[in-house]
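1. Okay, sequence plus prediction incoming.
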Amino acid sequence: MPNKNHARSKLPKAQQRQPLLTTRRNARMARSAHAYVRGNTSKFYEWLDGIEGHALPEGPAVWICGDCHSGNLGPVADARGRVEIQIRDLDQTVIGNPAHDLIRLGLSLATAARGSDLPGVTTVRMMEALADGYERAFDEAAGDADIHAEKPEAVRVVMKEAVRRSWRHLAEERIEDIEPSIPLGPRFWPLARRERREIDALFEQGSLEGLATVLRDGGDDTDVSVLDAAYWVKGCSSLGRLRYAVLLDIDGAAVEGDDLCLIDIKEAAQAAAPRYAGVRMPRDNAERVVEGARHLSPLLGERMRAARLADRAVVIRELLPQDMKLTIEQLTRDEAMKAARFLALVVGKAHARQMDSGERKAWLTELRRNRSKTLDAPGWLWTSIVELVSSHAAGYLEHCRRYATGATGRKD
């Protein structure tokens, strides 16, 4: 039988994590152009910073995702088990220009189309579908039916799986077992004693006990105890920040699946996404993320809390079995159009719910301007996508030269 202590001794200690996480992040981004786009948000912000001041319309000041690629959308659930496709990663959320989210989503989908070897004309039609789906969210005559219609196959599959999932599915997927422990290995690394003490102390706070019991209908006197915790090697752009998985027992009695709670603790860093000048947002980064989530993704926002851990801002949320990532890698021509229209509608709904009727009408009017005879989408949207696809393609090849070739022992 393998020696667990020996296997554990090979895993990195806390002070050894950073270089390993950086290497892993670079390797993940080299896997595909789509992965590079997802992981290199800073390149998108550099492009925004470099364009002329009036090249994009200035939409109403609302909370935006700030990093609105397709992988940051997916099924999320609320405390009552209702499941919807919403924005699921709010690290970069700010009060800013909603046009930025639309462009970022368009870049992600255009890159997925290129990865699927679809012809350029399909990308043109995708951007038209993207504009159409987004605009529907602000058209009061359209109603709410559109968000449930014409779901692409990738969305139908993940939604069907999400609604049937239970704690057992979550445990087997995330921690590989239903036993009350987190198995150390490639995904979970050991904690320093100081980290474990800080996590134990964190969940002694009454406000966080409430987070753990809200989905269990537990009262204020319900006991909550930390069963296990580990450093979580997760994500791509967030690799290198504090990230922990914590397994809680809700009632303190016999440990069973219904009593267990898997918590995600994620460091909230300073947002790089451009914000509108003069707007008021929480100064604490974790409070900013939670506030943005409550506006953009209410199902997710209601089960998130801001806290401090090791003197850093962290966002804490319970993971539910229905929380899943939407993966859009290989697309057919038909599915490409459906995906663009549907996901843009989801993002548009998240923006529109923050606007009054006058703001929605004015934004819709602006979105429908600047059309040509050959493109049924705003000219600024198409120009932005062309520039971004080109710059990211070059950036991806350079990234591969620097990192992927080094992994095979070749020199620059």
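-> Yes, it's here. A quick note: this is a predicted structure, and the numbers were derived from the prediction, not measured.
2. Give me the spatial nearest neighbour of L262, chain neighbours excluded.
-> L319 (4.7 Å; C-beta to C-beta, 6 or more residues apart in numbering). Any C-beta I mention is one placed from the backbone N, CA and C, and that applies to glycine too.
3. secondary structure class for the closest residue to Q92 other than its chain neighbours?
-> Take Q92 and drop its neighbours on the chain: the residue closest to it by C-beta to C-beta, 6+ apart is G66, 3.1 Å away. The local conformation at G66, judged by DSSP: H, G, I helix; E, B strand; the rest coil, is coil.
4. got it, and the one 5 residues further on?
-> Remark: G71 carries the secondary structure label helix [criterion: three-state DSSP].
5. thought it was touching L343?
-> No. The criterion here is C-beta atoms under 8 Å, and G71 misses it with L343 at 10.8 Å.
6. Look at those two and report which has more neighbours.
-> L343 (28 against 22; other C-beta atoms under 10 Å).
7. Okay, and the more buried one sits in which element?
-> helix 333-352 (DSSP states H and E).
8. tell me the average confidence for the following helix or strand past that helix?
-> Using DSSP H and E, the helix or strand that follows helix 333-352 towards the C-terminus is helix 357-367. Computed over helix 357-367, the mean pLDDT rounds to 96.
9. how many neighbours does G379 have?
-> Applying other C-beta under 10 Å, I find that G379 has 12 neighbouring residues.
10. tell me the contacts of it?
-> Contacts for G379 (C-beta atoms under 8 Å, 6 or more residues apart in numbering) come out as N370, R371, S372.
11. now these: which count as buried?
-> Among the contacts of G379, not one counts as buried by 16 or more other C-beta atoms under 10 Å.
12. which among these gets closest to V124?
-> S372 (11.4 Å; C-beta to C-beta).
13. Which residue, neighbours along the chain excluded, lies closest to that closest one?
-> G379 (6.4 Å).
14. any low-confidence regions in this structure?
-> The model of the chain has pLDDT under 70 over residues 1-9, 53-54, 79, 143-150, 160-179, 206-222, 235-240, 251-258, 329, 404-412.
15. what residues go with each domain of it?
-> 4-16+174-318, 27-163+328-407 (automatic domain parsing).
16. Most tightly packed of the ones you listed?
-> domain 27-163+328-407 (a mean of 19; mean count of other C-beta atoms under 10 Å).
17. Show me the helices in the stretch 51-200 of the chain, by range?
-> 98-115, 120-136, 153-164, 167-174, 193-202 (DSSP state H, counting those that start in this stretch).
18. nope, the stretch 251-400 of the chain is what I was after
-> Under DSSP H, counting those that start in this stretch, the stretch 251-400 of the chain gives helices at 285-296, 298-301, 333-352, 357-367, 379-399.
19. residues contacting the residue nearest to Q92?
-> Per C-beta under 8 Å, 6+ apart, neighbours of G66: L90, D91, Q92, T93, V94, G96, H100, D101, A271, A273.
20. re the thing from before, kindly reformat the helices of the stretch 51-200 of the chain as JSON lines containing distance to S181.
-> Listed next are the helices of the stretch 51-200 of the chain as JSON lines, based on distance: least, C-beta to C-beta, whole Å:
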{"stretch": "helix 98-115", "distance to S181": "37"}
{"stretch": "helix 120-136", "distance to S181": "44"}
{"stretch": "helix 153-164", "distance to S181": "26"}
{"stretch": "helix 167-174", "distance to S181": "11"}
{"stretch": "helix 193-202", "distance to S181": "13"}
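21. among these, which is nearest E52?
-> Of these, the one closest to E52 (C-beta to C-beta) turns out to be helix 98-115, at 13.9 Å.
22. Take that closest one, keep the C-alpha atoms, and write them as PDB.
-> Extracted in PDB, the C-alpha atoms of helix 98-115 (Å, rounded to 0.1, in the frame of the first residue of the first chain):
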ATOM      1  CA  PRO A  98     -21.200  47.500 -20.200                       C
ATOM      2  CA  ALA A  99     -19.800  47.600 -23.700                       C
ATOM      3  CA  HIS A 100     -16.600  46.100 -22.200                       C
ATOM      4  CA  ASP A 101     -18.400  42.900 -21.200                       C
ATOM      5  CA  LEU A 102     -19.900  42.500 -24.700                       C
ATOM      6  CA  ILE A 103     -16.500  42.900 -26.400                       C
ATOM      7  CA  ARG A 104     -14.800  40.500 -24.000                       C
ATOM      8  CA  LEU A 105     -17.500  37.900 -24.600                       C
ATOM      9  CA  GLY A 106     -17.200  38.400 -28.300                       C
ATOM     10  CA  LEU A 107     -13.500  37.900 -28.200                       C
ATOM     11  CA  SER A 108     -13.900  34.600 -26.300                       C
ATOM     12  CA  LEU A 109     -16.500  33.300 -28.700                       C
ATOM     13  CA  ALA A 110     -14.500  34.400 -31.800                       C
ATOM     14  CA  THR A 111     -11.500  32.600 -30.500                       C
ATOM     15  CA  ALA A 112     -13.500  29.400 -29.900                       C
ATOM     16  CA  ALA A 113     -14.800  29.600 -33.500                       C
ATOM     17  CA  ARG A 114     -11.200  29.800 -34.800                       C
ATOM     18  CA  GLY A 115     -10.300  26.900 -32.600                       C
END
